[in-house]
Structure formats: C-alpha cells, structure tokens
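**Q** Structure for the following, please:
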Amino acid sequence: MAYSLSHSYIGDNFASQFNWYNGVDPSRGFVHGRPSVRLESKKAYNGGLFIADFEHMPPSECGLWPAYWLYGPEWPSNGEVDIIEGVNTATRNLLTAHTSDGCYLPKDAKQITTGDPISFNCASGRSNATGCSYFATYGDQSTYGSNFNDVGGGVYAMDWTPEDIRIWHWPRYAVPRDIIEKKPDPQSWGRPTALFGTSSCTPNQHFRNMNLILQTNLCGDYAGNVWSSDGACSKLAPTCAEYVANNPSAFKNAYWKVNYIDVYEKGHSKKAEPTTTTTLYTTSTVTETVTQTAPSSSHNPSTRSLPLIVPGPSSPDQEAIVPDQAPIEPEPCPDGHDVWTTMIRPPAQTPSPAAAYEDDLSWESPSPTPSSPDSEETDFVIENSAPPPKRAVITILFPLVLTIIRLLL
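**A** Numbering: from 1, shown residues only. Now for the predicted structure:
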C-alpha cells in the first residue's frame with residue numbers, strides 16, 4: 001500500500017501545530033541565561049513517513065546543541081529517535097535511538113546502512129543515556145551544521161513501520177524526484193543512513209506515541225559536558241555557559257529555516273493543503289511570520305523562497321542574562337520591510353535579573369494575547385503599515401518570559 005500525505009507542517013499552520021515548551025530543561029541546558037526555544041508537535045505518532053526539508057540549521061558553533069527528533073512519554077519507555085543532532089563544532093550528524101531494555105542495532109548494521117554504527121545497545125536511563133547510534137558516513141560531508149548550510153540544506157526522511165525505523169539524508173542537489181513531487185517511495189531510496197529495528201528491536205514495543213521536536217539547546221548535558229575535551233571550544237572560555245553568556249554575536253546564525261515537514265501514512269487520504277510558505281523568525285523577544293502563496297510546485301526547493309525560520313538563542317546583539325547582571329533593553333525588530341507589517345510589541349518594562357545558572361534551565365514560551373491598540377495600559381500595542389501586494393509579514397515582539405508570566409498571572 002502506497003503512502004499518502006496525512007499532515008503537513010507548512011505555512012500558516014506551522015506554529016499553531018506546535019507547543020512552545022516552557023518547562024525545566026531535562027538536559028540542563030543554558031536556555032534561560034541566553035533564551036532559546038523548543039517546539040513540540042501537538043500530535044503524537046505511532047508510525048509513518050516523516051520528510052523534513054531544512055534550508056538552514058544552527059551552524060557548527062561552540063555552545064550549540066541543535067536537534068530534530070521524536071520522543072514518547074515516560075522516557076525512555078516509549079522511545080526516542082534523534083534524526084538530527086550534534087554539538088559544538090561537529091560536522092557529522094549523529095543519529096540515535098533511546099529505548100527501554102531489549103532493543104539493539106542489527107548485528108549487520110554496517111552492511112545494511114551507509115552510516116557508521118558506534119554503539120549497539122539502545123537501552124537508556126538516567127545513569128546511561130548513550131543509546132544506540134550511527135554517525136553519518138564520511139562520504140557525505142553535508143549532513144550537519146555549517147556543512148549542511150553550505151549546500152543550501154537538504155532533506156531528512158524517516159520511515160517508521162512495524163518492522164523497523166529507517167532514516168535517509170540528501171543534500172539539496174540530490175533530493176529524490178518522488179519527494180519533490182510528493183509521491184515518496186522509500187523502497188527506491190537505497191540503503192538508509194541509519195536503521196533501528198528488525199528482529200533485534202521490535203518498533204511497536206519500544207516506540208509509541210512520539211511527538212516531533214525541533215529545538216536549539218545551549219550547553220547542557222551534551223555540549224557542556226564535552227566542552228573540556230573539545231580543543232577548539234575549550235580555548236574560548238573555561239566553560240560552555242561562560243562562552244554562551246559572553247558572546248552573543250556567535251549565535252546570529254543559530255536558527256532553523258524550515259521549508260516543510262510532511263507526514264505520510266499508508267491508507268490515509270487527505271486533500272492537498274494550499275501551497276503556502278511561512279517564515280517564522282523568533283528570538284527571546286521577537287517573532288516574525290511571512291506568508292506567501294507559492295507555485296503548485298512549491299515543494300521544489302528552487303521555488304520556496306520564504307521558508308519558516310525557527311528560533312535562534314536570543315537576539316545576536318542582546319546580552320545574555322547572567323548572575324548579577326540586569327538584562328539590557330531588547331533590540332527592536334529589523335526594519336526596512338517592503339511588506340504589510342503588523343507589529344505587536346510589549347510596553348516598556350524593566351525585566352528582573354536572572355537567577356543563578358543552576359536555576360536558569362527553563363525554556364522560553366512566547367504566548368501573548370494582543371489587546372486593544374488604543375490603550376497604553378494594555379499588554380501589547382498593535383501597529384499597522386500600508387500593505388503592498390502579494391505577501392504579508394507579521395512581526396511580534398515578545399517580552400522576556402519572566403515578564404510574560406507575571407502579566408498572565
């Protein structure tokens with residue numbers, strides 16, 4: 001039975017289909033000292049074909065820990081699959097599965113994939129969260145970070161069936177025609193980069209009710225813990241958190257630029273959605289959305305000029321919030337837009353100083369409710385400029401998360 005499109009994260013519906021996670025970071029990232037964002041899909045999955053087209057991802061920069069992944073509740077009982085992951089100056093993608101006991105990579109993993117298996121036991125827990133992993137092959141130099149961006153990004157696909165979970169990557173210039181035409185056929189793609197499953201790990205027993213995650217973490221259990229062993233990064237500062245806090249300009253390109261994430265299922269019939277693209281640019285204080293109707297061939301990367309840009313870790317020119325240092329006034333939105341602009345900005349307020357790093361582990365969660373533009377006492381002020389034709393930009397400035405929480409309470 002062939003796959004058919006069941007859900008498409010694209011255009012105006014992208015942001016509305018994700019929850020902005022604002023809990024304490026379980027990986028202990030420095031994500032409030034320099035605010036960043038983690039998105040979790042509202043819909044959970046138990047199988048399917050997931051195709052993600054990224055035009056840009058956070059680069060190979062010290063302090064960064066970006067990831068595109070899925071995980072289920074009660075970790076690791078219902079599994080986790082990391083499709084894109086790396087830290088600091090890495091240039092090879094790391095693909096990993098985390099499960100309860102009893103799941104292993106196939107013994108012949110090296111022969112049936114193009115990746116390099118580095119650990120075979122997928123069982124994970126608080127004391128050992130390594131999981132089972134593959135590094136992308138050295139033969140593909142564009143799987144992660146700066147190298148990925150240098151070729152205009154590319155596509156990752158994950159095929160999750162009752163038999164196994166397989167993951168592929170293609171650079172921009174090699175995306176299969178069947179993916180571009182939205183008629184994907186995994187059987188025609190050759191050996192995957194990574195494979196989890198077969199007789200050594202039954203997917204239905206180890207991977208259930210998993211949500212899509214897109215995030216840019218900072219330091220934390222991975223990037224922070226390997227800091228001292230990274231020769232390039234450890235020369236820049238004694239610790240990861242110190243470097244991230246004191247070098248805002250290093251993260252000006254730490255964002256995701258998403259063309260689309262499509263989910264296909266077998267036996268599912270869905271009417272095609274309008275071919276629109278959305279750009280969502282957000283920092284700790286700014287979100288910008290651009291919507292444009294695209295040609296019918298919009299999934300062709302050459303036609304998708306307005307992809308979706310997902311959070312970088314706070315404004316490049318905004319100082320990080322560190323102990324004993326009050327936050328500076330956020331930089332204003334970039335100007336010069338030749339489009340219809342709606343600006344939702346907070347009134348002038350003085351944010352409170354951040355707590356110590358140990359308490360600075362909560363993610364940003366921008367969720368403002370615009371109020372009357374006529375009152376200076378309202379939470380937000382709305383301003384409109386004259387609209388030119390064909391496209392629209394919505395620019396939203398959000399207050400710092402502590403101020404938002406106080407207003408909502």
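**Q** Can you tell me the element Met158 falls in?
**A** Under the criterion of DSSP states H and E, Met158 resides in strand 154-160.
**Q** what's downstream of that strand, the next helix or strand?
**A** For strand 154-160, the following helix or strand on the C-terminal side (DSSP H and E) is strand 164-171.
**Q** Verify the contact between Leu212 and Trp160 for me.
**A** No - Leu212 sits out of contact with Trp160 when judged by CB atoms under 8 Å, with a separation of 11.7 Å. Using the backbone N, CA and C atoms, a C-beta is placed for each residue, glycine as well.
**Q** show me where pLDDT drops low in the stretch 151-300 of the chain?
**A** 268-300 (pLDDT under 70).
**Q** Only the buried residues of the top strand by length along the chain, if you could.
**A** With residue count as the measure and DSSP state E as the assignment, the chain has strand 256-266 as its longest strand. Across strand 256-266, burial judged by 16 or more other CB atoms under 10 Å covers 256-265.
**Q** Also stretch 71-86?
**A** By neighbour count, with 16+ other CB under 10 Å as the criterion, the buried positions of stretch 71-86 are 71-72, 75-76, 78-86.
**Q** which one of these sits closest to Ala97?
**A** Val81 (5.3 Å; CB to CB).
**Q** got the contact list for the closest one?
**A** Taking CB atoms under 8 Å, 6 or more residues apart in numbering as the criterion, Val81 is in contact with 69-71, 96-97, 158, 160, 165, 167, 196, 207, 210.
**Q** Filter the residues you listed down to the buried ones.
**A** Buried members of the contacts of Val81, counted by 16+ other CB under 10 Å: 69-71, 96-97, 158, 160, 165, 167, 196, 207, 210.
**Q** hey, where'd the helices end up in the stretch 1-150 of the chain?
**A** Taking DSSP state H, counting those that start in this stretch to define them, one finds helices in the stretch 1-150 of the chain at 13-16, 109-112, 145-150.
**Q** and of those helices, who's closest to Pro186?
**A** When the helices of the stretch 1-150 of the chain are ranked by proximity to Pro186, the top entry is helix 109-112, at 14.1 Å, counting by CB to CB.
**Q** Give me the contacts around the closest one.
**A** By CB under 8 Å, 6+ apart, the surrounding residues in contact with helix 109-112 are 106, 115-117, 120, 134, 191, 195.
**Q** Adding distance to Ala237 and neighbour count, write those out as CSV.
**A** As requested, the contacts of helix 109-112 are exported to CSV (distance: CB to CB, whole Å; neighbours: other CB atoms under 10 Å):
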residue, distance to Ala237, neighbour count
Pro106, 41, 19
Gly115, 32, 25
Asp116, 31, 16
Pro117, 34, 19
Phe120, 35, 14
Tyr134, 31, 27
Arg191, 41, 12
Leu195, 39, 25
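**Q** Narrow these to those in strands?
**A** Secondary structure from DSSP E places 116-117, 134, 195 of the contacts of helix 109-112 in strands.
**Q** picking that back up, which of the buried ones among the contacts of Val81 lies closest to Gly63?
**A** Proximity to Gly63 was ranked across those by CB to CB; first place goes to Trp69, at 19.3 Å.
**Q** Test my guess that that closest one contacts Trp75.
**A** No - contact status for Trp69 versus Trp75: not in contact, 11.5 Å apart, counting by CB under 8 Å.
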